[in-house]
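*Asks:* how would this look folded up:
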Amino acid sequence: MSKLFLAEDDPLMGRMYERAFRLGGYELVMAHDGEEAIETLKKLDPAPTVAIIDVMMPKKSGFDVLREMKADPKLKDIPVVLLTNLAGQADAEKGLGLGAVTYLIKSQYSPKEVIDKISEIIKSYSRKDDLPEVKTGIKDIS
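*Replies:* This next block holds a predicted model:
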């Protein structure tokens, strides 16, 4: 069973994704703000297979969490999915530029679709040659 990490400050969204991931067969560890996210990630052993980080959180943004993860030798190799309400192209490019493997806009994906994306990422990172083949894209919102 893959262990996932979710940082989500909205209690309703957190419960919805927690239920969906557990029903999808994943073990889930959660944090509710950016500071808690970094503290929890540093303590997890083994590290999660994938970290799903909300961008807009109290204390530290998802971008800040991602920056800290990529600067930490223990956390830098964890694939990060940014899950957010921010639909702007600039925000997506910023997140991908900071090292996220994909950027998902909450309103454009059902929890089932998010789980499918996470499953794709896990499969691509567990291939023998370790070359990720994750297809990233942003749905046109116009």
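
*Asks:* which phi and psi does the residue nearest the centre of the chain have?
*Replies:* For the chain, the residue nearest the mean C-alpha position is I52 (1.7 Å; CA atoms, centre = their mean). Dihedral pair for I52: phi -110, psi 120, per degrees, to the nearest 10.

*Asks:* what's the distance between it and K60?
*Replies:* Separation of I52 from K60 (CB to CB, to the nearest Å) stands at 16 Å. Bear in mind the C-beta positions are built from the backbone N, C-alpha and C, glycine included.

*Asks:* Of all the residues in stretch 71-80, which ones are buried?
*Replies:* Buried residues in stretch 71-80, counting neighbours by 16 or more other CB atoms under 10 Å, are found at L75, I78, P79, V80.

*Asks:* For it, which outside residues touch it?
*Replies:* Counting by CB atoms under 8 Å, 6 or more residues apart in numbering, stretch 71-80 makes contact with 5, 41-42, 47-53, 66, 68-70, 99-101, 121, 125, 132, 134, all of which sit outside it.

*Asks:* try stretch 34-50
*Replies:* Counting by CB under 8 Å, 6+ apart, 2-5, 7, 29, 31, 51, 53, 57-62, 64-65, 68-69, 72, 74-75, 78-81, 118, 121-122, 125 sit against stretch 34-50.

*Asks:* rerun at 6 Å
*Replies:* For stretch 34-50, the external contacting residues (CB atoms under 6 Å, 6 or more residues apart in numbering) are 2-5, 7, 31, 57, 59-60, 64-65, 68, 75, 78-79, 118, 121-122.

*Asks:* Which residues in that stretch does the neighbour count mark as buried?
*Replies:* Going by neighbour count (16+ other CB under 10 Å), the buried part of stretch 34-50 is G34, E35, E36, A37, I38, T40, L41, P48, T49, V50.

*Asks:* where along this protein do the helices fall?
*Replies:* Ranges of helices in the chain, per DSSP state H, are 11-23, 34-43, 62-71, 89-97, 111-125.
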